[in-house]
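A.B. asks: quick one, fold the following:
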Amino acid sequence: MIVTIREFTNLILIGYIKSVRRGYLNRDLSYSEHRSSVIKSSWSRCQQSYGFDRGDKINAIIIPEHELKIHQEACEDISEVAGKVVNSVRHLAKNGDYSVLLTDNQCVTIDSYFDSPESEICADYGLISGSKWDEHLIGTNGIGTTFASQQCMTINGIDHYANCLSNFTCTAAPIYGEVGTILGSLNISRFAHEDYLESFFTHNFIREAASQISANLFLKRYKTQNVISLSPSSLLSLYESKALIAFNDEGIILDATQDCLDMLSNMRIEDLLGKHFTHIFPLQERDLYSSQSQPLLLREGIFKNIYIKGIRTHKKSRAKQKEDHKELKVKTKKQPACQQLDDFAGTDKAMQRVVKIGRQFIDQGLPLLILGETGVGKDTFTSLLHKQSQRADKPFIAVNCAAIPESLMDSELFGYKPGTFTDGLKDGKIGKILASHEGILFLDEIGDMPLTLQARLLRVLEEREVTQLGAITPTPVDTCIICATHKNISELVEQGKFRQDLYFRIKGVQIEIPPLRDRTNIDEITTSIIKLSTDHNPDDITIQPDVRDLLKDYDWPGNVRELKSTLLYALCLSNNKTITLNDLPKELLQSSSQPSDTDEIIPQQNSSDEDRPKLIKLEASSNKAEVDHIILILKRNKWNVSASAKQLGISRSTLHRKIQKHEIMAPNKTISKPQMQNN
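C.D. replies: Model (predicted):
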């Protein structure tokens, strides 16, 4: 019998796997020598930190539908970019009876696919959209342990800590975002099997698929910047390599994918950020811009046999660059960022004031505290401020304090030295604070930060230095801190859930972004969303007047994020590029009650004569009388537009138009007055 090399290799691999499998089956329920250190650590957390018992019956946790919608809206970019890759994964999944799950960074399943009868049975066990797979809630599992270990994981059968999950095999891989932040994961699951060769293939397939999604997100994120790829071969297509680096027109490295770091002998992201490209690679600057037509072989040191190929580069005149370096920086950075901030504010006066204060204080060395409801655009505003700041060429590190499990937040923020954790990265981890050195650290949802970490963060702010876990000496750090929250920090301080001294530190300048329902430029925002988030030309889209009125009258509890989701939904349904009421989501139509369009003011029976408005028609009254009555009702309702419109007997959109017409503005209500602390 003739055996091919591949068949021979497979036989050896199968023999090894079967021997390992026998070891698993013959062991008792304690840890064995065959269990990987990552799974050992996960089991240890399940026992010691989470208090699980292997015999516990653990039910899948399914979040309510309205909460799922919020998670899905926050991950629209991931779902959109991942679409083609997920479709390819589904072909494999269908043949292997796998279900496919896409999760966000809180281990919540935002999309789920079942393309075979057996995979549909998985849904009965909770493998559906809205299911939550945090390790501290479920125990050792593919998704939760992938986030805990920050690496691709296959949890097969009895690798699960809970016996009730031992019927499943799950493989999950992280999807990376900006500067190594994990945005979500790609997972496939099925009933457990003993084909470990298939598990080996599946593990690598899902890891590569998640890497492709990460690379696609990277290319979209840096679509206006220079991007080059690294490859072990000069024959690979430009887009086949997932090892990518982005740099600006001055040659400053902005970001790199995880595949790139792995290819560069496990180089850390902080070793690249903010550095000039030619300081890292043995190349001349002109080589970077010529590599798009001809791949370049890096021949020195660890870069030997690695090719650089330009995916998107912009040639510049070197002489012109030297002559007009300062002017070029202004043109390429300051003006676009300035325009983007203006577009963010639009014609709404309250938003214009938000932007004005942000510009005034972003480079003054004071921490900023951004307040506002979920979905108003706190992260977008902060990102735009960074682009216009003096730290625009330096890292912008965003951390969602509500999305990181408490057990991992310490290492995420402060980092750790090599050898600190048995399942940690062999080179240690720098942490988000040190990664933001000379740049901006954005702590979103700061109100959800645990008290124990608040004390450590306060120390960083006071002493301007960070001590990594496992380190003895601190490391100096220069970073601009911007915090954001939708919670009332003052109330949290009173409840003992937030440190008062930290609150005073982070609110050097306090800015409040108004909710969408109180903004006067809904039409303008609608046009902007269609322009920036779709392939449509806003001029080609017709929105019927009754739809526009409804969009203005709706309260938008999800704010701009919900409006964006609504418009994308409506555009998908409208075949002739005309959006009608029938194209809007049902919940929007059901929740929206359009008041009468009469402009008559109804007097309050219990009001005093001084406060009681006269019974007049607003349109028929003089401008002064109209303004006086509007201001009277607004004051009575503490400048709440919805309540005032209801009391006036007119729609919110009508009241908004009149407020804009008469240039009425609540005194010192839209934005908290900047509060400066003496450091």
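
A.B. asks: and the next element down the chain from the helix of greatest length in the chain?
C.D. replies: Longest among the helix segments of the chain by residue count, using DSSP state H, is helix 196-221. Next helix or strand after helix 196-221 toward the C-terminus (DSSP states H and E): strand 226-231.

A.B. asks: following that following strand, which helix or strand shows up next?
C.D. replies: Remark: after strand 226-231, the chain's next helix or strand is strand 243-247, criterion DSSP H and E.

A.B. asks: same for that next one, what does it pack against?
C.D. replies: When contacts are defined as 3 or more C-beta pairs under 8 Å, 6 or more residues apart in numbering; DSSP states H and E, strand 243-247 sits against helix 196-221, strand 226-231, strand 253-256, helix 258-263. (Each C-beta comes from the backbone N, C-alpha and C, glycine too.)

A.B. asks: let's see it at 10 Å
C.D. replies: helix 196-221, strand 226-231, strand 253-256, helix 258-263, helix 277-280, strand 306-312 (3 or more C-beta pairs under 10 Å, 6 or more residues apart in numbering; DSSP states H and E).

A.B. asks: tabulate those (TSV), appending mean pLDDT, distance to residue 472 and mean neighbour count.
C.D. replies: Below are these laid out as TSV (pLDDT from 0 to 100; distance: least, C-beta to C-beta, whole Å; neighbours: other C-beta atoms under 10 Å):
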stretch	mean pLDDT	distance to residue 472	mean neighbour count
helix 196-221	88	35	20
strand 226-231	84	36	23
strand 253-256	90	30	24
helix 258-263	86	27	20
helix 277-280	79	29	15
strand 306-312	67	36	19
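
A.B. asks: compare those and give me the one nearest residue 470.
C.D. replies: helix 258-263 (21.1 Å; C-beta to C-beta).

A.B. asks: hmm, who's touching that closest one?
C.D. replies: Helix 258-263 has contacts (C-beta atoms under 10 Å, 6 or more residues apart in numbering) with 150-151, 174, 176, 180, 182, 208, 210-212, 214-215, 218, 228-232, 241-246, 256-257, 267-269, 271-272, 302-303, 306.

A.B. asks: distance to residue 353 added to the helices and strands packed on strand 243-247, as JSON lines?
C.D. replies: Formatted as JSON lines, the helices and strands packed on strand 243-247 follow (distance: least, C-beta to C-beta, whole Å):
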{"stretch": "helix 196-221", "distance to residue 353": "30"}
{"stretch": "strand 226-231", "distance to residue 353": "36"}
{"stretch": "strand 253-256", "distance to residue 353": "31"}
{"stretch": "helix 258-263", "distance to residue 353": "41"}
{"stretch": "helix 277-280", "distance to residue 353": "40"}
{"stretch": "strand 306-312", "distance to residue 353": "37"}
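
A.B. asks: so which of these is nearest residue 634?
C.D. replies: Closest of the helices and strands packed on strand 243-247 to residue 634 is helix 196-221, at 41.8 Å (criterion: C-beta to C-beta).

A.B. asks: isn't residue 206 up against residue 169?
C.D. replies: No - counting by C-beta atoms under 10 Å, residue 206 sits too far from residue 169 to count as a contact (11.8 Å).

A.B. asks: list residues touching both of those two?
C.D. replies: By C-beta under 10 Å, 6+ apart, residue 206 and residue 169 have these common neighbours: 98, 142, 154, 188.

A.B. asks: narrow those to those in helices?
C.D. replies: Among those, the members falling in helices (DSSP H) are residue 142.

A.B. asks: contact partners for the closest residue to residue 183 other than its chain neighbours?
C.D. replies: Leaving out its chain neighbours, the residue that sits closest to residue 183 by C-beta to C-beta, 6 or more residues apart in numbering is residue 177, at 4.0 Å. With contact set as C-beta under 10 Å, 6+ apart, residue 177 has these partners: 77-78, 105, 183-184, 214, 217-218, 221, 255, 398.

A.B. asks: again, only using 8 Å
C.D. replies: With contacts defined as C-beta atoms under 8 Å, 6 or more residues apart in numbering, residue 177 is in contact with 183, 214, 217, 221.

A.B. asks: list just the nearest of those to residue 89.
C.D. replies: Within the contacts of residue 177, the smallest distance to residue 89 is 14.2 Å, found for residue 214 (C-beta to C-beta).

A.B. asks: what distance do you get for the residue lying closest to residue 666 once chain neighbours are set aside to residue 553?
C.D. replies: Leaving out its chain neighbours, the residue that sits closest to residue 666 by C-beta to C-beta, 6+ apart is residue 639, at 3.9 Å. Noted for residue 639: a distance of 18 Å to residue 553, by C-beta to C-beta, to the nearest Å.

A.B. asks: residue 499 now?
C.D. replies: Applying C-beta to C-beta to residue 499 and residue 553 gives a distance of 41 Å.

A.B. asks: which of those two has more neighbours?
C.D. replies: Using other C-beta atoms under 10 Å, the more surrounded residue of residue 499 and residue 553 is residue 553, with 21 against 18.

A.B. asks: that one against residue 652, yeah?
C.D. replies: Yes - the pair residue 553 / residue 652 is scored as a contact, 5.0 Å apart, by C-beta atoms under 8 Å.

A.B. asks: center of this structure - which residue?
C.D. replies: For the chain, the residue nearest the mean C-alpha position is residue 183 (6.0 Å; C-alpha atoms, centre = their mean).

A.B. asks: how about whichever strand or helix holds that residue: buried residues?
C.D. replies: Using DSSP H and E, the element containing residue 183 is strand 182-191. Of the residues in strand 182-191, 182-190 count as buried by neighbour count, 16 or more other C-beta atoms under 10 Å.

A.B. asks: circling back: what's near enough to touch the residue nearest to the centre of the chain?
C.D. replies: 75, 78, 104-105, 175-177, 217.

A.B. asks: look up how far residue 210 lies from it.
C.D. replies: 10 Å.

A.B. asks: give me the common contacts of those two.
C.D. replies: Common contacts of residue 183 and residue 210 (C-beta under 8 Å, 6+ apart): residue 175.

A.B. asks: how about residue 216: what's its closest non-neighbour residue?
C.D. replies: In space, and not counting its chain neighbours, residue 216 is closest to residue 81: 4.8 Å by C-beta to C-beta, 6+ apart.

A.B. asks: gap between the one you found and residue 247?
C.D. replies: Distance, residue 81 to residue 247, using C-beta to C-beta: 21 Å.

A.B. asks: same question, residue 100
C.D. replies: Distance, residue 100 to residue 247, by C-beta to C-beta: 35 Å.

A.B. asks: repeat for residue 279
C.D. replies: Separation of residue 279 from residue 247 (C-beta to C-beta): 11 Å.

A.B. asks: residue 451 and residue 499 touch, don't they?
C.D. replies: Yes - Residue 451 is within contact range of residue 499, at 6.8 Å (criterion: C-beta under 8 Å).
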